[in-house]
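Trainee: Sequence first, predicted coordinates after that:
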Amino acid sequence: MDNLNQKIEFKHGHIYLETDENHAVSGQELNGRVHLYLTQPFPAASLDIVMKGIEAVKWVSGEGTENKRKHEKINTLTDTRQIIYSFPQSIAMPGQYTFPFRILIPAGLPCSLMFAGTRRSRAMVNYSLFAILKPEENTTLEEMKYKTDISMREPIENIRTDFDSCIESKINSWFGLRKHGEVKLKLKFDKDFYLSNEMVVVQCDIDNSQCKIPIKKIKMSLKQVIKLKSGTGTFLNRYTKWKNYYEGIPKREQTGESSKVMEMNLKFVNGNINRGLEEIFTLETTDITLLTKQLQPSTSGTYANISYIVSVKLYYGIKSRRSTKCEVPIIIQPCEEEEDAKVEAPEGWSPIQIQQEGDIEASSPSLAASPEDIQYVDPEWNQNLKKN
């Protein structure tokens with residue numbers, strides 16, 4: 001996820017955070033840097049990295065004004081703080097500093113999500129990173145902080161490759177009184193995990209040799225299954241995100257070696273349902289806005305869950321109580337984003353590199369100073385510094 005496009009400036013300097021990757025992965029490490037510029041001494045206890053994540057859902061059930069009921073739930077997914085540097089003598093000296101950091105993202109976090117659908121259904125999973133210059137406890141100064149949203153991904157395990165899914169069906173009509181024979185449908189996938197800009201290719205083999213009627217057409221579609229929960233109910237819906245029709249095959253025939261190849265380019269599958277999504281959510285960055293225009297990722301939240309199914313259905317042109325179709329679940333994740341445009345460093349920027357907490361001696365000469373070495377300038381900072 002893109003960092004904000006400007007540094008957060010304060011009365012006597014600025015603070016800025018950037019990460020090595022455009023996204024984080026649940027249960028894995030995230031590396032980055034905090035840049036700090038101070039023109040005067042600051043009574044700082046530590047430099048911290050805070051990560052917050054929330055999951056929020058809401059929808060409306062019932063018909064009519066009297067029967068309508070609102071359902072909503074907000075869940076805190078994570079709220080962690082890690083000290084990456086403790087300042088000697090609780091004083092941060094003037095200067096330019098870069099603090100590399102490495103944090104472990106909590107395991108079990110669901111993918112970032114921004115969804116809007118029918119019945120006023122809304123779902124959001126959002127994560128934010130903060131770089132916080134924490135003042136010394138005995139001061140009255142507020143924290144210096146910088147915030148950026150970051151996209152979360154779930155780790156993918158047990159990816160299936162080169163697998164088949166088969167179904168056999170009896171073709172009956174007129175409430176089962178007229179029997180037309182049997183059909184066999186076999187789908188072959190190269191994998192079950194895709195990025196949102198990839199091509200899904202399905203090899204379709206059909207054996208209609210034991211059926212007395214032809215297959216008129218074949219439909220391939222992508223189903224998005226939405227499940228939202230709250231303490232008062234459950235919202236469940238299936239949306240057809242994409243569909244395409246292919247030519248069928250005659251009666252008493254089969255595809256044989258001439259398998260039908262069906263393709264679906266996820267890049268061109270529309271992302272959101274409601275066009276007014278931007279008016280519902282507060283979108284702070286360009287990348288969050290882009291997230292609403294792509295296919296929402298497969299998400300396994302406690303209260304927000306999204307999954308996808310590739311469906312292939314055969315049409316015989318008769319009325320039958322049972323349809324012949326094969327459905328295969330797949331996993332979709334956001335595509336790799338383009339490299340973010342970095343915030344330009346100020347003129348003359350030449351920071352001191354400070355190691356992460358635990359890898360540095362407390363008496364680092366770059367930040368340690370005795371009170372008599374400090375030049376007090378700002379009255380408010382001066383008052384707080386003298387308390388030490």
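Mentor: Looks like it came in fine.
Trainee: so how many other residues sit close to the closest residue to K58 other than its chain neighbours?
Mentor: In this structure, K58 finds its nearest non-sequential neighbour in E72, 3.7 Å apart by C-beta to C-beta, 6 or more residues apart in numbering. From N, CA and C alone the C-beta is placed, and that goes for glycine too. E72 has 15 neighbours, counted by other C-beta atoms under 10 Å.
Trainee: Now do the contacts for E72.
Mentor: Applying C-beta atoms under 8 Å, 6 or more residues apart in numbering, we find E72 in contact with 56-59, 230.
Trainee: Separate out the buried members of these.
Mentor: 56-59, 230 (16 or more other C-beta atoms under 10 Å).
Trainee: Low-confidence bits of the protein, can you list those?
Mentor: Along the chain, the model assigns pLDDT under 70 to residues 1-10, 174-177, 271-293, 320-321, 337-347, 355-388.
Trainee: Grab the most central residue of it for me.
Mentor: S112 (2.4 Å; C-alpha atoms, centre = their mean).
Trainee: Could you measure from that one over to Y308?
Mentor: Noted for S112: a distance of 16 Å to Y308, by C-beta to C-beta, to the nearest Å.
Trainee: okay, the buried ones among the contacts of E72 in JSON lines with secondary structure and distance to P214 next?
Mentor: What follows is those, written out as JSON lines (DSSP: H, G, I helix; E, B strand; the rest coil; distance: C-beta to C-beta, whole Å):
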{"residue": "A56", "secondary structure": "strand", "distance to P214": "50"}
{"residue": "V57", "secondary structure": "strand", "distance to P214": "46"}
{"residue": "K58", "secondary structure": "strand", "distance to P214": "48"}
{"residue": "W59", "secondary structure": "strand", "distance to P214": "43"}
{"residue": "S230", "secondary structure": "coil", "distance to P214": "48"}
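Trainee: Relative to T302, which of these is nearest.
Mentor: Checking those against T302 by C-beta to C-beta gives V57 as the nearest, at 9.8 Å.
Trainee: okay, now the domains of the chain?
Mentor: For the chain, automatic domain parsing gives the domain ranges 8-155+339-386, 161-333.
Trainee: strand partners of the host helix or strand of the residue nearest to K58, parallel vs antiparallel please.
Mentor: Secondary structure assigned from DSSP states H and E places E72 in strand 69-86. Using DSSP bridges, the strands paired with strand 69-86 are strand 44-61 (antiparallel).
Trainee: Could you pull out the helices in the protein for me?
Mentor: 64-67, 277-280, 286-291, 379-386 (DSSP state H).
Trainee: May I have the strand holding E72 exported as CSV, CA atoms only?
Mentor: Coordinates of each C-alpha in strand 69-86 appear next as CSV, following Å, rounded to 0.1, in the frame of the first residue of the first chain:
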residue,chain,number,x,y,z
ARG,A,69,-33.3,-4.0,10.8
LYS,A,70,-29.7,-2.7,10.8
HIS,A,71,-26.8,-5.1,11.5
GLU,A,72,-23.3,-3.9,12.1
LYS,A,73,-20.1,-5.1,13.8
ILE,A,74,-16.7,-3.5,14.3
ASN,A,75,-13.9,-5.8,15.4
THR,A,76,-10.3,-5.0,16.3
LEU,A,77,-8.0,-7.3,14.5
THR,A,78,-4.7,-6.1,15.9
ASP,A,79,-3.3,-3.2,17.9
THR,A,80,0.4,-3.8,18.6
ARG,A,81,3.2,-1.5,19.5
GLN,A,82,7.0,-2.2,19.2
ILE,A,83,9.8,0.0,20.4
ILE,A,84,12.4,0.3,17.7
TYR,A,85,14.7,2.7,19.6
SER,A,86,15.0,4.1,23.2
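Trainee: give the contact list for I249.
Mentor: I249 neighbours (C-beta under 8 Å, 6+ apart): 206, 208, 214-215, 255.
Trainee: who are the neighbours in contact with the residue nearest to the centre of the chain?
Mentor: 1, 125-127, 151-153, 291, 297, 334.
Trainee: and of these, the nearest to Y303?
Mentor: Taking C-beta to C-beta as the measure, Y303 lies nearest V125 of the contacts of S112, at 9.3 Å.
Trainee: Tell me who's in contact with D79.
Mentor: By C-beta under 8 Å, 6+ apart, D79 lies in contact with 50-53.
Trainee: State the pair within the buried ones among the contacts of E72 that is farthest apart.
Mentor: Spanning the widest gap among these are A56 and W59, at 11.5 Å by C-beta to C-beta.
Trainee: so how far is E21 from Q28?
Mentor: Distance from Q28 to E21, by C-beta to C-beta: 10 Å.
Trainee: So which of those two has more stuff around it?
Mentor: For the pair Q28 and E21, the greater number of neighbours falls to E21 (16 against 12), based on other C-beta under 10 Å.
Trainee: nearest spatial neighbour of the more buried one, skipping sequence neighbours?
Mentor: Per C-beta to C-beta, 6+ apart, closest to E21 is L30, 7.0 Å.
Trainee: now swap in T80 and tell me
Mentor: M51 (5.2 Å).
Trainee: next one: V261
Mentor: Q203 (5.9 Å).
Trainee: list the contacts for that neighbour?
Mentor: The contact partners of Q203, by C-beta under 8 Å, 6+ apart, come to 187-188, 259-262.
Trainee: Name whatever forms a beta bridge with it.
Mentor: In beta-bridge terms (that is, DSSP bridges), Q203 pairs with K188, V261.
Trainee: likewise Y194?
Mentor: Assigned bridge partners for Y194, using DSSP bridges, are I332.
Trainee: From C111, how far off is it?
Mentor: 14 Å.
Trainee: Now the common contact residues for these two.
Mentor: The contact lists of Y194 and C111 share Q333, where a contact means C-beta under 8 Å, 6+ apart.
Trainee: more crowded one of the two?
Mentor: Neighbour totals were compared for Y194 and C111, and C111 leads with 24 against 21 (other C-beta under 10 Å).
Trainee: got a list of what that one touches?
Mentor: Counting by C-beta under 8 Å, 6+ apart, C111 touches 125, 152-154, 297-300, 333-334.
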